[in-house]
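1. sharing a model that was predicted from the sequence below.
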Amino acid sequence: MAETAHTTSTEAHGGAAQHGGAFPPFDPSTFPSQILWFALTFGVFFLLVSKLLVPRIGGIIETRRDRIVRDLGEAERLKAETDAAVAAYEKALAEARAKAQGIAAATHAELTAATEAKRAATEASLTAKLTDAEARIADIKAKAMADVDQIAIDTAETLVSTLIGTGVSREEVAAAVSASLTK
């Protein structure tokens, strides 16, 4: 019975007593079978990977590369369109600025011409009024001077009569007044 107890305990512990107590993957006596199974398993996995996974992954990579190339092409096309639109915008903006400057210059010229015309008309009107006023002043002066002579003659005649007491002829007083005015 002791013998059966010893065998049972050896079997219960996984038969470590039969193999000398080494871990089975590290046991040198099992290396040839392990290498065989490793080679078979590796070969099967290699075939699965090379026949199924690599073509799928390659297809996915190829699809992504094609998509990236297509997207880059689309981005280049859109960039070219954007550059063309920006150039057209800049050209239109420059034309609009030039047109606005032209309109401003034309408006300025029109306003300057209109102002100059109004100024010339105002100057002509003022010159005409000044000429008319000078003519009226000359006429009034001439009338006043004519009246001054008459007033001077009347005043001188009255003064001489009052001071001397005798009357003097009007012609003599007029001759004396005109002689004194010419000096």
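-> It's in.
2. for the rest of this, base every contact and every neighbour count on C-alpha atoms.
-> OK.
3. which other helices and strands does the helix or strand Leu159 falls within contact?
-> Take DSSP states H and E as the rule and Leu159 turns out to sit in helix 54-164. With contacts defined as 3 or more C-alpha pairs under 8 Å, 6 or more residues apart in numbering; DSSP states H and E, helix 54-164 has these neighbours: helix 170-182.
4. in the chain, which residue is closest to the centre?
-> For the chain, Leu93 is the residue whose C-alpha lies nearest the centre (C-alpha atoms, centre = their mean; 9.5 Å).
5. sorry, back to before: could you give me the average pLDDT of the helix holding Leu159?
-> Helix 54-164 shows a mean pLDDT of 90.
6. angle of it against helix 170-182?
-> 140 degrees (axes from the mean of the first three to the mean of the last three C-alpha atoms, to 10 degrees).
7. from here on, call the first residue 55.
-> Happy to do that; since the first residue is 55 now, the last one works out to helix 108-218.
8. how far away is the closest residue to Gly221 other than its chain neighbours from Val222?
-> What sits nearest to Gly221 in space, not counting adjacent residues and going by C-alpha to C-alpha, 6 or more residues apart in numbering, is Ser215, at 5.0 Å. Look at Ser215 and Val222: by C-alpha to C-alpha, to the nearest Å, they are 7 Å apart.
9. hang on, the earlier thing: give me the distance from the helix holding Leu213 to the chain's centre.
-> Put simply, helix 108-218 sits 24 Å off its chain's centre (C-alpha atoms, centre = their mean, to the nearest Å).
10. ditto for stretch 85-92
-> Mean C-alpha position of stretch 85-92 versus that of the full chain (C-alpha atoms, centre = their mean) differs by 79 Å.
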